[in-house]
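Asks: requesting a structural model of the entry that follows:
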Amino acid sequence: MTADSTPALVQHADAETEGPAQSGPSPARGPRARNTKAYLRYIVTKIAGAAVSLFAVLVTSFFLFRLIPSDPVKQMTGGRPTSAEQLQSMRHELGLDLPMWRQFVSYVGDALTGDFGMSFQYHMPVIDKITAALPATLLLTGTSYLLYTALGIWLGTRTAWRNGSRSDRFHTAFALTLYSVPSFWLGLLLIIVFSVGIGPIPGLFPTGGLDSADGTTGFAHVLDVAHHLVLPVITLVAVGYAQTLLVMRSSLLDEMGSDYLTTARAKGLRDDSVRRKHAVPNAMLPTFTLMFVNLGHVVAGQILVETVFSWPGLGGLFYESLRVPDLPLVQALFFVFATAVILANTLADLLYPLLDPRVGR
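Replies: Reported below is the predicted structural model:
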């Protein structure tokens, strides 16, 4: 027996000695265990990052709107003659006479418990005002989101698969044009053409609002709301579908030259099957991220579009509150908007590794 063979024999003997002592299932080892730990670490990192971002938004929402060169108390008086004592009394009642640091500490403490204070101009809890306006925003932006997401993915897939065709050139140019158009300008143009009317052409749709406020109920009220929805939904769909189409088209073009598609065709698969089962699922990854970013804007609303169409949602409420400024309300709305986007992005980050195993390793 040589000296070089001794370690091997010792190791073998140790293995035989330890073998019978082990009982039950062995602990998870190998790539799967490492991937699970890496994914959990990835989840904790993303959630911690979201929590830091939310706190940063909370702090920013307090100081940002106090930089506005406007006095909320004077704005609330509406230009009526008001003595200095009355103005001071109103500031004291609203807590605006306190030192800035005391206002900040009170704001953060209350916000962490879900209490954003009382609205200056509406004289009601801020959270109640936001809750009352939220359904209108969800109706408008939610409807638009479903339409422009489905339309953008469908047209983006068709245009990319027929790259260079006349249909591809038309849809791509049209989408680029719509994507470059400001949403408020497009909304105003639609109001001029389809609400006010041009020449002998009468207005077909209302200029704004959620309904006609004529007391209709039931199915007649549903039709009335749908009638008011048409123009603002078209405005949001026009811009949103263009963005989704361009992203989906670009992603699918990157996949079309891949070797796995050539292999799929070589196996005799039909072109539609290659596109639907192989190319589109991989090309959906960037579009998937965009879908969740846009999902955050469903709650955040569209300030300019809601203002143009006098839509009684969170966007229009934010604009009206900013004019005063109604500090508790604009702070809370800013926090709600940012929170919706951050949570949507975080959800996309957490789900992305399930679609692409390379992420989160």
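Asks: CA only for contacts and neighbour counts going forward, please
Replies: Fine.
Asks: ok, now which ones touch Phe184?
Replies: Counting by Cα atoms under 8 Å, 6 or more residues apart in numbering, Phe184 touches Leu304, Val305, Val308.
Asks: could you do Val225 as well?
Replies: Val225 neighbours (Cα under 8 Å, 6+ apart): Leu210, Asp211.
Asks: Asn163 versus that one, what's the distance?
Replies: 40 Å (Cα to Cα, to the nearest Å).
Asks: quick revisit: ok, and the most crowded of the contacts of Phe184?
Replies: Val305 (23 neighbours; other Cα atoms under 10 Å).
Asks: so the residue nearest to the spatial centre of the chain versus Thr131, what's the distance?
Replies: Nearest residue to the geometric centre of the chain (Cα atoms, centre = their mean): Gly296, 1.7 Å. From Gly296 across to Thr131, the span is 17 Å (Cα to Cα).
Asks: those helices in the stretch 201-350 of the chain, which residues are they?
Replies: 218-256, 259-266, 271-274, 280-300, 303-308, 314-322, 327-355 (DSSP state H, counting those that start in this stretch).
Asks: out of those helices, which is closest to Thr113?
Replies: Smallest distance to Thr113 across the helices of the stretch 201-350 of the chain (Cα to Cα): 12.6 Å, for helix 327-355.
Asks: show me what counts as buried in the closest one.
Replies: 327-350, 352-353 (16 or more other Cα atoms under 10 Å).
Asks: what helix or strand is the residue lying closest to Leu253 once chain neighbours are set aside on?
Replies: Distance criterion Cα to Cα, 6 or more residues apart in numbering; nearest residue to Leu253, sequence neighbours excluded, is Ala160 at 5.8 Å. Ala160 belongs to helix 126-161 when assigned by DSSP states H and E.
Asks: let's see the helix or strand that that helix is followed by as CSV, backbone CA atoms only.
Replies: Note on helix 126-161: by DSSP H and E, the next helix or strand toward the C-terminus is helix 166-180. These are the backbone C-alpha positions of helix 166-180, laid out as CSV (Å, rounded to 0.1, in the frame of the first residue of the first chain):
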residue,chain,number,x,y,z
ARG,A,166,-47.3,47.2,-46.8
SER,A,167,-49.4,46.5,-43.7
ASP,A,168,-46.3,46.5,-41.5
ARG,A,169,-45.2,49.9,-42.9
PHE,A,170,-48.6,51.4,-42.4
HIS,A,171,-49.3,50.2,-38.9
THR,A,172,-45.8,51.1,-37.7
ALA,A,173,-45.9,54.6,-39.2
PHE,A,174,-49.4,55.1,-37.7
ALA,A,175,-48.4,53.9,-34.3
LEU,A,176,-45.3,56.1,-34.3
THR,A,177,-47.5,59.1,-35.2
LEU,A,178,-50.0,58.4,-32.4
TYR,A,179,-47.3,57.7,-29.9
SER,A,180,-45.7,61.1,-30.5
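Asks: any idea how far helix 166-180 is from the middle of the chain?
Replies: A distance of 24 Å separates the centroid of the chain from that of helix 166-180, by Cα atoms, centre = their mean, to the nearest Å.
Asks: quick one: contacts of that helix?
Replies: So helix 166-180 is contacted by 155, 158-160, 162, 238-243, 245-246 (Cα under 8 Å, 6+ apart).
Asks: filter those residues down to the buried ones.
Replies: Looks like the contacts of helix 166-180 have Leu155, Arg158, Thr159, Ala160, Ala238, Val239, Gly240, Tyr241, Ala242, Gln243, Leu245, Leu246 buried, using 16+ other Cα under 10 Å.
Asks: remind me which residues of the stretch 201-350 of the chain are low pLDDT?
Replies: The stretch 201-350 of the chain contains residues with pLDDT under 70 at 201-202, 214-215, 300-301.
Asks: can we see that at 50?
Replies: In the prediction, the stretch 201-350 of the chain carries no residues with pLDDT under 50.
Asks: now the helix holding Ala160: average pLDDT?
Replies: The average pLDDT within helix 126-161 is 90.
Asks: any idea of the angle it forms with helix 314-322?
Replies: Angle of helix 126-161 versus helix 314-322, following axes from the mean of the first three to the mean of the last three Cα atoms, to 10 degrees, is 130 degrees.
Asks: contacts only, for Phe205.
Replies: Applying Cα under 8 Å, 6+ apart, the residues contacting Phe205 are Phe194, Ser195, His227, His228, Val230, Leu231.
Asks: restricted to buried residues, select these in ChimeraX.
Replies: Entered in ChimeraX, the line below selects the buried ones among the contacts of Phe205, by 16+ other Cα under 10 Å:
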select :194,195,227,228,231
